[in-house]
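*Asks:* Sharing a sequence plus its predicted fold:
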Amino acid sequence: MPDPSSDTPSTQVSTSVAVTGDALPGWARELVTQYESHASNQFVLTGNVSDLRLIPAAAGAKPGEPERPRLGTLTEFITAALLTRFDVIIHYDVGNGVRIEKGGEVFAQWPTFKAAQSVPREPRQAVEFISAYLRYVANLRSLGQRAVQVAVFVKAAHLIAPAVRGSTDYNLSALAMHMREWASEPLLTSHPLATFLLADNLSELHPLITNNPRSTRLVIPLPEPAELERTLAAVAGQYPVALAELSADLSRPAGALCGATISAVEALLKTRQHLKRPIVDGDLGEIKKQIIEKDAGGLIDFIKPDRTLDDLHGMEKVKEWLRQDIKLWSENDLAALPMGYLFCGPVGTGKTFMVECLAGSAGVPVVKLKNFRDRWVGSTEANLETIFRLLKALGRCFVFVDEADQALGKRQADSGDSGVGGRVYSMFAEEMSNTRNRGKVVWVLASSRPDLIEVDLKRPGRVDVKIPLLPTLRTSESWGLMRSLMKRRGLVVGAEVPTGLAPKVPLRLTPGAAEALAVKVYRLVKTRGLAVEEAIAECLDDYQPPVDPAVMQFQIDIAVREASDLDFVPEELRPAAKG
């Protein structure tokens, strides 16, 4: 990036990137702008920093090799595409210590290096060693000697300067202060110097670094379909068998695999090429699920639903509303599309089933958040950063948060959790209200205690539609629910409740309780040879409500009060909803 012919210390750089135009991703163009405008010379890179990247032929060719695109690490991409005129490039990480990747003969002229017995490996000593070299070359330039352009990469910076909240570790603070000064000390900022601190998540880095106004924070996103397509086209010749069925139109697999890393896609291609098994269209859905769940480190379940709203018994007004939303979404008419839904109701009323039916009708996957909370300080926030980054890359999806009253945190931090609950709340509040996600990410919360969810998290603009899922209120409804669940098991009964069974059919029946009854009836029919109605009668004689009636009524009352539209509430419960 900098021009070595510049003699004026205040004039740092001129354009000299090796790759221009569409080949440079948005974050790299922002990096160049910040550096060449003298606004910043330190870049904190987080997100998808461990992935491979396509290094274009113009930047990636080595002497004696034909010019062709290749896959390389993020540091290789930055070096090849942006740092061609730099004299010295230094890498540091806790595993390999300090390494001079370029310009070793220039670096060897430093008297301190000549006198040193070895290059330090421990974090503080290594960072001080690098700082000393940066000041040395900057001082040489201030004395009128030729400027030595230096770039420094600190990989896995969160292991070197971690965010230890409340720590009084002065050694750690001193180390972080050294790295901060690379971007703020006038002697260094006037020199052609660029430093890159790589970390998976911003929350894992020391606040002295992340809160430095002189550094630029850039999130490296997961690859978009266009980048995946360019990558597949560049490597297609290496995997002719794996891509044999898809090579005619690489936009299809690129779009289907959106949300996967390039590293994971490359591993897939290598495996299929080795097994001589072409990837076909029918494989892509399951492949994407496996890749994303693996890359997410167990933080999510990626569900491709096989149900639709047609599988949902009753609730005609609710289904009508949801089908209208799906129609708007399919037509890309987003003005009235909700940012999120809240499904609330007593335990066992089928909230998860409802989400799967909704997503199946919309033709989009469901990302179900798992236990992202961690006992290690900062890990919970880092896990959420990983999840949010994945959501941005997936395209259209539903994000399902079960037991939302527990998962979403609280505005007022609990003193017993070191403030994690408050930080989780803030992160969810910011992400759920991001209007740039409208039409891409739809949040779906589920809870039997929606009154415990923070009001701000379920307000319009975050959760626009609140739907109560309720147990049956009439005998005919209970019978219809039982009948539909028994029918799935091949047990056929009439639509009308048999006269002898009507007094036994329970009210306040949930889909979960009805499912248990249907299973028990099936068992009696198969193991004892009873007629279906006989088996039903015996099961109803022994039926005990799985939830205490008082608890059930309490949860019903809460759910109907939360409803965003009275059409979702049965007539007999509307007075309670208005009250």
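*Replies:* Here it is on my side, so go on.
*Asks:* hey, let's count contacts and neighbours off CA atoms from now on
*Replies:* OK.
*Asks:* residues in contact with stretch 297-315?
*Replies:* Applying CA atoms under 8 Å, 6 or more residues apart in numbering, the contact partners of stretch 297-315 are 285, 289, 292-293, 319, 354, 356-361, 364-372, 383, 387, 481, 484, 568.
*Asks:* Tell me the gap between it and the middle of its chain.
*Replies:* Relative to its chain's centre, stretch 297-315 lies at 19 Å (CA atoms, centre = their mean, to the nearest Å).
*Asks:* again, but for stretch 488-506
*Replies:* 46 Å.
*Asks:* Quick one: end-to-end length of it, please.
*Replies:* The first and final residues of stretch 488-506 sit 20 Å from each other (CA to CA, to the nearest Å).
*Asks:* Start the count at 29 instead of 1 going forward.
*Replies:* Right, with 29 as the first residue, what we last looked at is stretch 516-534.
*Asks:* Okay, buried residues for it please.
*Replies:* If you call a residue buried by 16 or more other CA atoms under 10 Å, then stretch 516-534 has these buried ones: Leu519, Val521, Val525, Lys532, Val533, Pro534.
*Asks:* hmm, back to that, mind giving me the ChimeraX command for buried ones among the contacts of stretch 325-343?
*Replies:* For the buried members of those, the matching ChimeraX selection, counting by 16+ other CA under 10 Å, is:
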select :317,320,321,347,382,384,385,386,387,388,389,392,393,394,395,396,397,400,411,415,509,512,596
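*Asks:* Filter the contacts of stretch 325-343 down to just the ones in helices.
*Replies:* When the contacts of stretch 325-343 are checked against helices (DSSP state H), the matches are 313, 317, 320-321, 347, 382, 384-389, 411, 415, 509, 512.
*Asks:* Pro235: which of those residues is nearest?
*Replies:* Nearest to Pro235 among the ones in helices among the contacts of stretch 325-343 is Asn411, at 17.8 Å by CA to CA.
*Asks:* Can you check the pLDDT for the nearest residue to that closest one once chain neighbours are set aside?
*Replies:* In this structure, Asn411 finds its nearest non-sequential neighbour in Phe400, 5.9 Å apart by CA to CA, 6 or more residues apart in numbering. Looking at Phe400, its pLDDT is 78.
*Asks:* Ok, Ala605 next?
*Replies:* Among the per-residue scores, Ala605 shows a pLDDT of 64.
*Asks:* What is the least confident helix or strand in the chain?
*Replies:* The least trusted helix or strand in the chain, going by mean pLDDT, DSSP states H and E, turns out to be helix 85-88, with a mean of 58.
*Asks:* And the next helix or strand past that helix?
*Replies:* Where DSSP states H and E defines the elements, the next helix or strand beyond helix 85-88 is strand 98-100.
*Asks:* So what would you say the end-to-end distance of stretch 177-188 is?
*Replies:* Start and end residues of stretch 177-188 are separated by 24 Å (CA to CA).
*Asks:* what comes up buried for it?
*Replies:* Using 16+ other CA under 10 Å as the burial criterion, the residues of stretch 177-188 that qualify are Gln177, Val178, Ala179, Val180, Phe181, Val182, Lys183, Ala184, Ala185, His186, Ile188.
*Asks:* and the fifth one, what does it touch?
*Replies:* What that stands for is Phe181. When contacts are counted by CA under 8 Å, 6+ apart, Phe181 touches Thr103, Ile117, Ile118, His119, Tyr120, Thr223, Phe224, Leu225, Leu226.
*Asks:* would you put the C-alpha positions of the helix or strand harbouring the second one in PDB?
*Replies:* This points to Ile117. When secondary structure is defined using DSSP H and E, the element that contains Ile117 is strand 116-121. Once side chains and other backbone atoms are set aside, the C-alpha atoms of strand 116-121 remain, and they are given as PDB (Å, rounded to 0.1, in the frame of the first residue of the first chain):
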ATOM      1  CA  VAL A 116       9.300  -6.300   6.000                       C
ATOM      2  CA  ILE A 117       6.400  -8.500   7.100                       C
ATOM      3  CA  ILE A 118       6.400  -9.900  10.600                       C
ATOM      4  CA  HIS A 119       4.100 -12.600  11.900                       C
ATOM      5  CA  TYR A 120       3.500 -13.500  15.600                       C
ATOM      6  CA  ASP A 121       1.400 -16.100  17.300                       C
END
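*Asks:* Pull the distance from it to the chain's centre.
*Replies:* Relative to the centre of its chain, strand 116-121 is centred 30 Å away, using CA atoms, centre = their mean.
*Asks:* Which SSE is immediately downstream of that strand?
*Replies:* As assigned by DSSP H and E, the chain's next helix or strand after strand 116-121 is strand 125-130.
*Asks:* Which strands or helices does that following strand pack on?
*Replies:* strand 116-121 (3 or more CA pairs under 8 Å, 6 or more residues apart in numbering; DSSP states H and E).
*Asks:* so the strand it packs on versus strand 125-130, what angle?
*Replies:* Between the direction of strand 116-121 and that of strand 125-130, the angle (axes from the mean of the first three to the mean of the last three CA atoms, to 10 degrees) works out to 150 degrees.
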